[in-house]
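S.K.: Please work out how this folds:
(chains A and B)
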Amino acid sequence: MTAMTTDLPLTSEKSPATVREATDRRRALMLLSPGVIWMTLFMLLPLGMVVYVSFWTQTTFAVNSTLTTASWERFLSSPTYLGAIGTTLRIWAIVLAATLLVGYPVALFIGLFVKNRTVQTALLVACVIPFWTSFLIRVIAWRPMLGTEGAINVILQKLGIISEPLTFLLFSEFSVLVGMTQIYCVFMVGPITFMIARIDESVIEAARDLGASFGTIFRRIVLPLSMPGVIVGAIFVSVMVLGEFATAASLSGRKVNLLGNIIVSQVGSLKWAFAAVAGVVLTIIITAVITLALRVVDLRKEM
Amino acid sequence: MLTLSGITRRYGDATALDGLSFTVPDDAYVSLLGASGSGKTTLLRLIAGFEEPDAGQIILDGVRLDGQPPHRRDIGFVFQNFALFPHLTVEENVAFGLKYRESNAVASAAEVAERTQAALELVGLEGFGHRGVGEISGGQRQRVALARTLVTEPRIVLLDEPLGALDANLRDRMCDELRAIRERLKVSFLHVTGSETEALTMGDTVAVLAGGRIVQSSGSRALFEAPLNASAAKHLNAWNILSGTVEKDKLRTNAGILPVPGSLSDGQSAQIALRFDRIDVSDAAQVPEGRHHFEARFLTGEFNGPTALSFFRTADGALVQVVDHLSSPRLPRLEEGRTYALHYRPEEVLLFEGAEG
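M.R.: Predicted coordinates:
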């Protein structure tokens, strides 16, 4: 037997492991810093500023930094503004449900029934085609579709199904809902498709082999495994719909006032303090919605 | 009894299974041996109903299976990658088939729990029910997959390379356990593998799949000692196969002109098979009386524990393998590059008529 001696002289130098750990930590900090700096400068500071400004004193033509709760009191006691919160939440809930209802089957089809990866990608890209044109065009394109002389009314009249044009189609809450669902659906489809496509084919085959019908497999296997995608999609859609103002502005004929529209009009008339109050309220609502969504599914566990 | 007759399955231009016929008897352990790409997984998927054959019939206990969806076939399938439900615990995985199958679902929670526990005990996993499937080892996952299939009492269990993902020690242990579990349940297992040792160890009957057909199906000992054709012999990894043409009752091969048993007409193609462990080696001058021989150059040896494998190359390029059992060594000390006589008893030769498959 030969004995191997590994007696190295003890040195006071740092062990290689410590050095490596320090390097790793430095690299992590370097990767983190651009994001942290960006967020601090352009999100945290402005957010703090918005909260601060919401307590400034607003006069008809100017705003000064004397602190007061007057804007908050006016906002919270005005039926118009509280109504706007209600409208925003109602539109959000309906659009969220509609995008899920329209988007999930599409995602299920692309993720589960299309086996070819290339076709999957092509179909996902097809979902994004409307985004190749400007936001405004996408929204305004609904007018010739939904208007009283629009395609739907003309066709329905020609077919003799209706005699008078349907007026609720355009410049109503309905048209806002249709427009938003169309625009934001793809943000629901994407994440859900990715989650469903990640489900191992043999897991579904195993469930079939164990005697489960398609409905049962969907309920017990596919739906639970796609939940993280639903939550991510719901967060995307929520954040965008809650902050919306353009769709409502161009399709509602000023009948639908969202928090976003209030902010736009207040800023337009230089009511900074008041716009700030609406901004803070909107931020609180969005934070609450995201927190709620993350409660439903523990993304850390599922991803 | 599961009967397959005339099963054909094509993928585009490639034919995976070509008019295959095969029977799995009741209460038997059948292993299906095939090289990778031979269509053995396809065969299982056809039986389970994940795919349908282009032609042929699959009949289980007199009832035609093909055309029925997988969840109405009552067949157990153990996947190579286990295919456990990642979001469910061990217990929920095992209970899945009981609770959610379309017909005869077990409604009583107590019965589900009881049968789940029994299945977990059967595979030696009592106490693991509450673990997530990500929190257990590969061997334990294999057991969960098995328990999940067995708990629904399928009419036949298909195992797709069930031991492939396990390490060697665990594989040996699972081999014994699989056989023991099957004997207790009295259900037929059809076990697909690419390993001849696994196939021979596990199967009461071993079927060899080659060229889209079952080329032989016999008891493991009979198959190993007397393969019926060259394809079957090739899969056993224990036979040297030399093909050639007949000339005056001898076979001209690239190991030389060798005598063959029986008489064949001139010009006919034929192959002879010589078992690795039935060939002896000596100097060319010292071939014992009454033995056939041919000469070949020693290339290299391979030591693998209880046996040693020696590789020889004949002048015409045929590769010949010889196995020596180290508990009773019979080969002389071999020098690389030297030419030796490889000799064997005439009756050890198997003759297969026909060209190389």
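
S.K.: Only C-alpha atoms from now on, for both contacts and neighbour counts.
M.R.: Noted.

S.K.: all strands of the stretch 1-150 of chain B, in order?
M.R.: According to DSSP state E, counting those that start in this stretch, the stretch 1-150 of chain B carries its strands in the segments B:2-11, B:14-24, B:29-34, B:55-60, B:63-64, B:76-78.

S.K.: same thing with the stretch 1-150 of chain A?
M.R.: If DSSP E, counting those that start in this stretch is used as the criterion, the strands of the stretch 1-150 of chain A fall at A:57-58, A:63-64.

S.K.: residues of stretch A:285-298 that come out buried?
M.R.: Buried residues in stretch A:285-298, counted by 16 or more other CA atoms under 10 Å in any protein chain shown: A:285-286, A:289-290, A:293-294, A:297.

S.K.: Quick one: distance of that stretch to the chain centre.
M.R.: Average the C-alpha atoms of stretch A:285-298, do the same for its chain, and the two points are 12 Å apart (CA atoms, centre = their mean, to the nearest Å).

S.K.: average pLDDT for stretch B:204-223?
M.R.: Per-region confidence: stretch B:204-223 scores 93 on mean pLDDT.

S.K.: buried set for it?
M.R.: Buried residues in stretch B:204-223, counted by 16+ other CA under 10 Å: B:204-218, B:220, B:223.

S.K.: what sits against residue 182?
M.R.: Defaulting to chain A. Remark: with contacts taken as CA atoms under 8 Å, 6 or more residues apart in numbering or on different chains, residue A:182 is in contact with residue A:99.

S.K.: not what I meant, chain B
M.R.: B:29, B:188-189.

S.K.: can you check residue B:243 too?
M.R.: Residues in contact with residue B:243, defined by CA under 8 Å, 6+ apart, are B:253-254, B:269-272, B:355-356.

S.K.: and the residues you listed, which of them are in strands?
M.R.: With strands identified by DSSP state E, the entries of the contacts of residue B:243 that belong to them are B:253, B:269-272.

S.K.: Return the member of the residues you listed nearest to chain A.
M.R.: Proximity of the ones in strands among the contacts of residue B:243 to chain A (CA to the nearest CA) peaks at residue B:271, which lies at 41.6 Å.

S.K.: Redo the strands of the stretch 1-150 of chain A as TSV? Include distance to chain B and mean neighbour count.
M.R.: As requested, the strands of the stretch 1-150 of chain A are arranged in TSV below (distance: least, CA to the nearest CA, whole Å; neighbours: other CA atoms under 10 Å in any protein chain shown):
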stretch	distance to chain B	mean neighbour count
strand A:57-58	54	21
strand A:63-64	56	14
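
S.K.: picking up where we left off before, could you dump the contacts of residue B:182 to TSV with pLDDT and distance to chain A?
M.R.: Formatted as TSV, the entries for the contacts of residue B:182 read as follows, by pLDDT from 0 to 100; distance: CA to the nearest CA, whole Å:
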residue	pLDDT	distance to chain A
B:29	94	20
B:188	95	16
B:189	95	15
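
S.K.: and the helix or strand where residue A:193 lies, how far from the chain's centre?
M.R.: With the criterion set as DSSP states H and E, the secondary-structure element containing residue A:193 is helix A:173-197. Computed by CA atoms, centre = their mean, the chain-centroid distance of helix A:173-197 equals 10 Å.

S.K.: residues touching residue A:168, list them.
M.R.: With CA under 8 Å, 6+ apart as the criterion, the residues that contact residue A:168 are A:174-175.

S.K.: same deal with residue A:81?
M.R.: By CA under 8 Å, 6+ apart, the contact list for residue A:81 reads A:75, A:259, A:262.

S.K.: could you redo those residues as a markdown table and give each row pLDDT and distance to residue B:34?
M.R.: Converted to a markdown table, those look like this (pLDDT from 0 to 100; distance: CA to CA, whole Å):
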| residue | pLDDT | distance to residue B:34 |
| --- | --- | --- |
| A:75 | 90 | 77 |
| A:259 | 90 | 68 |
| A:262 | 90 | 72 |
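
S.K.: Of those, which belong to helices?
M.R.: Judged by DSSP state H, the subset of these located in helices is A:75, A:259, A:262.
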